[in-house]
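Student: pasting a predicted model and its sequence here:
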Amino acid sequence: MEKKERAPVYYSDYLQLDKILNAQHPESAKEGIRADDEMLFIIIHQTYELWFKQILHELSIVRNIFNQPNIHNNTPDIYNSVHRLKRVCSILQVAVTQMGVLETMTPLDFLDFRDLLRPASGFQSIQFKMIEATLGLNYEHRHGKAYYLSQLTAEDIERVKESEHQKSLLALLNEWLERMPFVKNKEYWEGNAASFWQTYRDVYESSLMDVEQPNLRVFDSIFIDDATYPEGRSFSADASRNALFIMLYRDHPLLQLPYDLLSTLLEIDEMLSMWRHRHIHMVQRTIGKRVGTGGSSGAEYLRGAADAHYVFKELAELTSFLLPRHMLPTLPEKVVTELSYKQ
């Protein structure tokens, strides 16, 4: 079959540069006011939105992978997921660094055009809200819920709500962790999987300082007694046990990629936190205690959101229950075999 000849691709047409490079329309120019830094302000925020679009693209691929009924160990799915989540981390690193470019705009430079932007605000970024929802930030856990959708159009409110109604990466991760068989499958533990956690508890207790003894009560409620499992947690008891097991025995071949996955999700939380706190300092430096252009309390609102919007904090809290390698209980030979590369 004769190959159909494709039309040549031209750089500016492929990138739609006519649209992108002519999409900056400063409000100050419309008013006949000289505000030289408004162009920078627009381009910085347009660039953020392009990066947000790429993040949503990567998260959509990962979510589709974890939406499968089962993810086999002999497929590239987990590696692909880790790879894409690491890319999200790299993008967020750029987003944090990019704040430094915006900070070259002085408070007086911003005041030249700031009042012309009302009530537009970065708070109206639909894509950022969708990123948070896709990762797993529930509406109930959001800071300033009453204000959360108040500045959006009806169309954008529906877009955000649709994103929130889809199963988040956090929920899918919980289901994936629950399916991991090693901790709860009795055949690996000579008929009593619970004995591992009791043994681990004894060693863990011996490692605690007096001021750390309250940790033991939390450990018991999560890993020992299902009847006292704390309400409102995003991860189930099985998922929490399996996540900690992955962290403890990450050096075994079959757990290396799962550990990398959990670690990368924590890094995403960390990078988002760094971006939020960099934003707080920039806002404080630029507008002080004045309200945001969208009517929020400015830096005060941003600080509350930064403290409340950790998505994978339950994973981070599991590090409270780690032991050094030399104190870890020895795994049964059958478990070690299952966690090793097959011959």
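Tutor: Received the coordinates, thanks.
Student: and residue 13, how many residues sit next to it?
Tutor: Per other CB atoms under 10 Å, the neighbour tally for residue 13 reads 11. The way it works is simple: take the backbone N, C-alpha and C, and place the C-beta from them, glycine included.
Student: and residue 186, by the same measure?
Tutor: For residue 186, the count of nearby residues is 10 (other CB under 10 Å).
Student: just residue 14 next, same as before
Tutor: Residues contacting residue 14 under the criterion other CB under 10 Å number 8.
Student: equivalent analysis for residue 262, please.
Tutor: Neighbour tally, residue 262, other CB under 10 Å: 23.
Student: then residue 172?
Tutor: When neighbours are defined as other CB under 10 Å, residue 172 has 19 of them.
Student: what's near enough to touch it?
Tutor: When contacts are counted by CB atoms under 8 Å, 6 or more residues apart in numbering, residue 172 touches 63, 66, 67.
Student: host element of it?
Tutor: Using DSSP states H and E, residue 172 falls within helix 169-179.
Student: follow-up on the earlier one: okay if I get the contacts of residue 172 as CSV plus distance to residue 165, pLDDT and secondary structure?
Tutor: Output for these, formatted as CSV (distance: CB to CB, whole Å; pLDDT from 0 to 100; DSSP: H, G, I helix; E, B strand; the rest coil):
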residue, distance to residue 165, pLDDT, secondary structure
63, 13, 96, helix
66, 17, 96, helix
67, 14, 94, coil
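Student: what's the closest of these to residue 115?
Tutor: residue 63 (40.4 Å; CB to CB).
Student: could you list the low-pLDDT ranges of the stretch 51-200 of the chain?
Tutor: 141, 143-148, 185, 188, 190-194 (pLDDT under 70).
Student: coming back round to it: only alpha carbons, please: show the helix holding residue 172 as CSV.
Tutor: Extracted in CSV, the C-alpha atoms of helix 169-179 (Å, rounded to 0.1, in the frame of the first residue of the first chain):
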residue,chain,number,x,y,z
LEU,A,169,-6.1,9.1,42.8
LEU,A,170,-6.2,8.9,46.6
ALA,A,171,-9.2,6.7,46.5
LEU,A,172,-7.8,4.5,43.7
LEU,A,173,-4.5,4.2,45.7
ASN,A,174,-6.5,3.0,48.7
GLU,A,175,-8.1,0.3,46.6
TRP,A,176,-4.8,-0.8,45.1
LEU,A,177,-3.1,-1.0,48.5
GLU,A,178,-6.0,-3.0,49.9
ARG,A,179,-5.5,-5.6,47.1
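Student: which of the residues in it are buried?
Tutor: Neighbour-count burial for helix 169-179, with 16 or more other CB atoms under 10 Å as criterion, is recorded at 169, 170, 171, 172, 173, 174, 176, 177, 178.
Student: which of the contacts of residue 172 are buried? Put it as a PyMOL command.
Tutor: Those of those that count as buried under 16+ other CB under 10 Å are selected in PyMOL with:
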select buried, resi 63+66
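Student: thinking again about what came up before, how far away from the center of its chain is the helix or strand following the helix holding residue 172?
Tutor: The C-terminal neighbour of helix 169-179 among helices and strands, as given by DSSP H and E, is helix 194-207. Its chain's average C-alpha position is 31 Å from that of helix 194-207, according to CA atoms, centre = their mean, to the nearest Å.
Student: list the buried ones in helix 194-207?
Tutor: Along helix 194-207, these residues count as buried under the neighbour rule (16+ other CB under 10 Å): 196, 197, 200, 201, 204.
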